[in-house]
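Chemist: Pasting the sequence and the predicted coordinates here, then a few questions.
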Amino acid sequence: MFESNRIYRIGVDARILSERITGIGRYTYEMLAVLVDRGHKWFLYSHRPLVVGDWSQSNVQLRTANLPEAINLPRRMLRLAWAQSVLPWWANQDDIDLFWAPGHRLPYYLPRRIARVVTIHDLVWKHAGETMRPFARWLDAKQMPAAVRIADRVITVSGHTAQDLVAEMPEAKNKVRVVHLGAPALHPTASRGSLKSIGIDRPYFLFVGTLEPRKNLYRLLEAYATLPEGIKNSILLVIAGGKGWGGVDAQAVSSRLGLNRSVHILGYVSDEMLSTLYAHALFLAMPSLYEGFGLPLLEAMARGTPVLTSNCSSMPEVAGDAGLLVDPHDVGSIAKGLLALLTDETLRRNLAQRAKVNAQRFSWQKAADATLQIFDEAIEERRRLF
């Protein structure tokens, strides 16, 4: 465990915790939940009140605004303006030692004495930019390199993301540190029979993720549609995840492919429901085109659930020997993987046994230790320079 004799004042860009939790929000919440118990003084900054987490600890102070939803400026632009003006002003007023941005972007105008660390989750804008909203792609392409330049240390959530980052910005090589995400806490699970109340009345495999192009849901559906009718009639594909951008319409595609009776779409689900879905699934199917880490893989494996995932980016690194890898661009490859996992119980059992062992490689406690060590490095670096 990392131990420091110093009490630091640490500011955090906590805006992601002011909205419904997804990938980077999950990382921010889980990491902070451990970090604040390690001591130090924490200042959580947001343009809106936080709705995720209980931050009543005595060493945590919330600094939140309440930007209006309706204003002449687009909400995204207002949020960006707040981050580059009010946020650094608050950080200066709070006399923080270090500022941590858990999601890709740093304020430009932090006082020079303040050390700064940014976490980079992926380089989707570079390697799968066509799967992003155009404005988000442009913003990441501009602000991520700027954040890396001004950061004292850069955390990446996988070795693959570190490689991508250094390939794009070689000058950052000595700043980059890899800190894997942790396995999630296991929420209590309800019985298999309880799923009947939400329309899951037979065995199923599971897709979890925001419905957007990068998640490759259309190819997954096309692959499933090629399987024998007997399999499609007896085994459901259950889709859990809120709508993202890009007009991904799983219902329309399912109808076009004749899968209405074989696909069950739940939308965004609670953590408790998600835990139950993982626990009773035959396997998780996650053939994404690109992932910086792929947290659903770890969530599934922590419950002993096998995974089918892509043979690219960070996914083999996370899945280890507990995953069946497919080519996400090849519908035939995905279909072959689905067929193997749906028909071979021995294969599923072997992967399930490996899954829990593999998941033990990842811990939020270890991630917090490594992150605090990096904060210490960044503060020492900043003090040497300024």
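Modeler: Yes, it's here. Numbering: from 1, shown residues only.

Chemist: burial measure for the residue nearest to Ala172 when sequence neighbours are not counted, as a count.
Modeler: Sequence neighbours aside, Val148 is the residue nearest to Ala172 in space, at 5.0 Å (criterion: CB to CB, 6 or more residues apart in numbering). Quick note: C-beta positions are derived from backbone N, CA and C, even for glycine. By other CB atoms under 10 Å, 20 other residues sit near Val148.

Chemist: Just the local confidence number for Phe386, please.
Modeler: Predicted confidence (pLDDT) for Phe386: 72.

Chemist: Same check on Ser288?
Modeler: Among the per-residue scores, Ser288 shows a pLDDT of 93.

Chemist: what does the one 10 residues further on give?
Modeler: In this model, Leu298 is scored at 91, pLDDT.

Chemist: That one contacts Ala185, correct?
Modeler: No - the pair Leu298 and Ala185 does not pass the contact test of CB atoms under 8 Å, sitting 12.0 Å apart.

Chemist: Give me the more crowded residue out of the two.
Modeler: Set Leu298 next to Ala185 and count neighbours by other CB under 10 Å: Leu298 wins out with 22 against 11.

Chemist: any idea how far the more buried one lies from His180?
Modeler: Leu298 sits 9 Å away from His180 when distances are taken as CB to CB, to the nearest Å.

Chemist: got any residues that touch both of these two?
Modeler: Common neighbours of Leu298 and His180 are listed as 318, 362 (criterion: CB atoms under 8 Å, 6 or more residues apart in numbering).

Chemist: so Leu342 sits in a helix?
Modeler: Yes - remark: Leu342 belongs to a helix, assigned using DSSP: H, G, I helix; E, B strand; the rest coil.

Chemist: Tell me where the model's unsure across the stretch 201-350 of the chain.
Modeler: For the stretch 201-350 of the chain, the stretches flagged by pLDDT under 70 are 244-247.

Chemist: which residues are contacting stretch 151-170?
Modeler: With CB under 8 Å, 6+ apart, stretch 151-170 has contacts from 27, 106, 115-123, 126-127, 145, 148-149, 172-173, 175-181, 292-293, 313-314, 317-318, 371, 374-375, 377-379, 381-382.

Chemist: For it, C-alpha coordinates in PDB please.
Modeler: What follows is stretch 151-170 as a C-alpha-only set of coordinates in PDB (Å, rounded to 0.1, in the frame of the first residue of the first chain):
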ATOM      1  CA  ALA A 151       0.300  17.500 -17.300                       C
ATOM      2  CA  ASP A 152       3.100  16.400 -14.900                       C
ATOM      3  CA  ARG A 153       1.900  12.800 -15.100                       C
ATOM      4  CA  VAL A 154      -0.500  11.000 -17.400                       C
ATOM      5  CA  ILE A 155      -2.400   7.900 -16.300                       C
ATOM      6  CA  THR A 156      -3.600   5.400 -18.900                       C
ATOM      7  CA  VAL A 157      -6.000   2.600 -18.000                       C
ATOM      8  CA  SER A 158      -4.400   0.000 -20.100                       C
ATOM      9  CA  GLY A 159      -1.000  -0.800 -21.700                       C
ATOM     10  CA  HIS A 160      -2.600  -0.600 -25.100                       C
ATOM     11  CA  THR A 161      -3.800   2.900 -24.500                       C
ATOM     12  CA  ALA A 162      -0.300   3.800 -23.300                       C
ATOM     13  CA  GLN A 163       1.100   2.500 -26.500                       C
ATOM     14  CA  ASP A 164      -1.400   4.400 -28.600                       C
ATOM     15  CA  LEU A 165      -0.700   7.600 -26.600                       C
ATOM     16  CA  VAL A 166       3.000   7.400 -26.900                       C
ATOM     17  CA  ALA A 167       2.800   6.600 -30.600                       C
ATOM     18  CA  GLU A 168       0.700   9.800 -31.100                       C
ATOM     19  CA  MET A 169       2.700  12.000 -28.700                       C
ATOM     20  CA  PRO A 170       6.200  10.500 -28.300                       C
END
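
Chemist: Which positions within that stretch qualify as buried?
Modeler: Buried residues in stretch 151-170, defined by neighbour count with 16 or more other CB atoms under 10 Å: 151-158, 160-166, 169.

Chemist: Need the max-distance pair from those.
Modeler: Farthest apart among the buried residues of stretch 151-170 by CB to CB are Asp152 and His160. That separation is 23.0 Å.

Chemist: Tell me how many other residues surround Tyr109.
Modeler: By other CB under 10 Å, the residues close to Tyr109 number 14.

Chemist: all helices for this structure, in order.
Modeler: 23-35, 75-93, 124-127, 134-150, 159-168, 217-225, 229-234, 250-256, 271-280, 295-302, 315-319, 331-343, 345-359, 364-385 (DSSP state H).
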